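Participant: What follows is a protein structure lacking sequence information:
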Ligand code: RIB
Ligand code: CA
């Protein structure tokens, strides 16, 4: 099996934690670098959380700090979902120190060293955009960009925008126009991955190590979403990872996506699902998810971790 060389850019983040553990547990993925941005919570917390998440899995993946906030506009955290610490109050042992340097530089260094790198963005896209804007010649080394971002129906941070897209729409727009394949897991996809008490119980019953235990505690600590009638909460970021592990869990279509960067609709992703506008597709939109298959994958992989 050829393993995909990957970079995960993240803002942990309760769902980021499970996404990172899923990626580390996937034989298909070779996670070489984790870069961190401010997002769900400030970068002091997201960096500490990323170090702790990697440390708990006992895998020597470098963690590098990056953008504290977006290219333009104000930074705003999302502590209602993730708590003040970013992990819903679930304390993890301190992880190894962050690697020196800056995220955008570390991303470029790996792109320079590897001919095919998959960029996985599960937070605001600032670090990824900065890296590609600084050295455009490296774009040819990007195999695929997979993002948890955007929404074509309602938003989750404003009426019209999803949090990652809203946090840095300019960076998202840059990635959509970079000329490499971009795959999007929007809110409509991730809303099919609803974490319910039964699914948490199934995770706990799998009997894994510290990562599975922490994952179950984190999932149990996230408040149920009013968008889903308090039946559970959507597990956003692991959907982006699952696409790379088992694409048969998904259906998808090629679409054109425009990102609004100003005004009341800032961060709105205008997704032309039926090609009404005639613009060339610039993204692969993940449409449907086999939710039971997704949670079976997540549970089985997390059970294999330390
Ligand atoms: O809107 C959901 C996204 O925003 C997820 O990546 C979550 O972690 C937050 O960053
Ligand atoms: Ca995230």
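Facilitator: The structure has been received and is ready for your questions. Worth saying up front: this structure is predicted, and the values here are computed from it rather than measured. Numbering: from 1, shown residues only. Ligands and ions are numbered 1, 2, ... in the order given.

Participant: any idea how far residue 73 is from the closest residue to ligand 2 within the stretch 201-306 of the chain?
Facilitator: In the stretch 201-306 of the chain, the residue that lies nearest ligand 2 is residue 237 (4.9 Å; Cβ to the ion). The C-beta positions use only the backbone N, C-alpha and C, and glycine is treated the same way. Going from residue 237 to residue 73 by Cβ to Cβ, to the nearest Å gives 22 Å.

Participant: Those two: who's more crowded?
Facilitator: residue 237 (30 against 16; other Cβ atoms under 10 Å).

Participant: What residues does that one make contact with?
Facilitator: 10, 13, 15, 16, 18, 19, 122, 148, 190 (Cβ atoms under 8 Å, 6 or more residues apart in numbering).

Participant: residues making contact with the longest strand along the chain?
Facilitator: Longest strand in the chain, counting residues (DSSP state E): strand 250-259. With contacts defined as Cβ under 8 Å, 6+ apart, strand 250-259 is touched by 150, 165, 169-170, 172-173, 176, 183-184, 189, 242-243, 267-273, 275, 277, 279-290.

Participant: Pairing partners for that strand, with directions?
Facilitator: Sheet pairing for strand 250-259, assigned by DSSP bridges, gives strand 269-272 (antiparallel), strand 283-289 (antiparallel).

Participant: distance of whatever residue of the stretch 151-300 of the chain ends up closest to ligand 1 from residue 4?
Facilitator: At 3.6 Å from ligand 1, residue 163 is the closest residue in the stretch 151-300 of the chain, using Cβ to the nearest ligand atom. Computed as Cβ to Cβ, the residue 163 to residue 4 distance reads 26 Å.

Participant: residue contacts, the residue lying closest to residue 4 once chain neighbours are set aside?
Facilitator: Nearest residue to residue 4, sequence neighbours excluded (Cβ to Cβ, 6 or more residues apart in numbering): residue 118, at 4.9 Å. Residue 118 makes contact with 4, 5, 6, 7, 142, 143, 144, 145, 146, 244, according to Cβ under 8 Å, 6+ apart.

Participant: Let's see if you can find the most crowded of these.
Facilitator: With neighbours defined as other Cβ under 10 Å, the most crowded of the contacts of residue 118 is residue 7; it has 27 neighbours.

Participant: Checking that residue next. Helix, strand or coil?
Facilitator: Going by DSSP: H, G, I helix; E, B strand; the rest coil, the secondary structure assigned to residue 7 is strand.

Participant: So stretch 206-221, near ligand 2 or not?
Facilitator: No. If you take Cβ under 5 Å from the ion as the test, stretch 206-221 misses ligand 2, and the best it gets is 12.9 Å.

Participant: what's next to that stretch, contact-wise?
Facilitator: Under Cβ under 8 Å, 6+ apart, the answer for stretch 206-221 is 14, 17-18, 21, 25, 56-57, 83, 87-90, 92, 195, 199-200, 203-204, 235, 299-300, 302-306.

Participant: quick one, strands of the stretch 51-200 of the chain?
Facilitator: Assigned by DSSP state E, counting those that start in this stretch, the stretch 51-200 of the chain shows strands spanning 63-65, 117-121, 142-148, 182-185, 194-195.

Participant: Counting neighbours, what do you get for residue 93?
Facilitator: 10.

Participant: Do I have it right that residue 37 meets residue 126?
Facilitator: Yes. In this structure, residue 37 is within contact of residue 126 by Cβ atoms under 8 Å, at 5.4 Å.

Participant: Show me the common contact partners of those two, please.
Facilitator: Common neighbours of residue 37 and residue 126, counting by Cβ under 8 Å, 6+ apart, are 66, 67.

Participant: if we can go back for a sec, so how far is residue 18 from the residue of the stretch 201-306 of the chain closest to ligand 2?
Facilitator: Between residue 237 and residue 18 the distance is 7 Å, computed by Cβ to Cβ.
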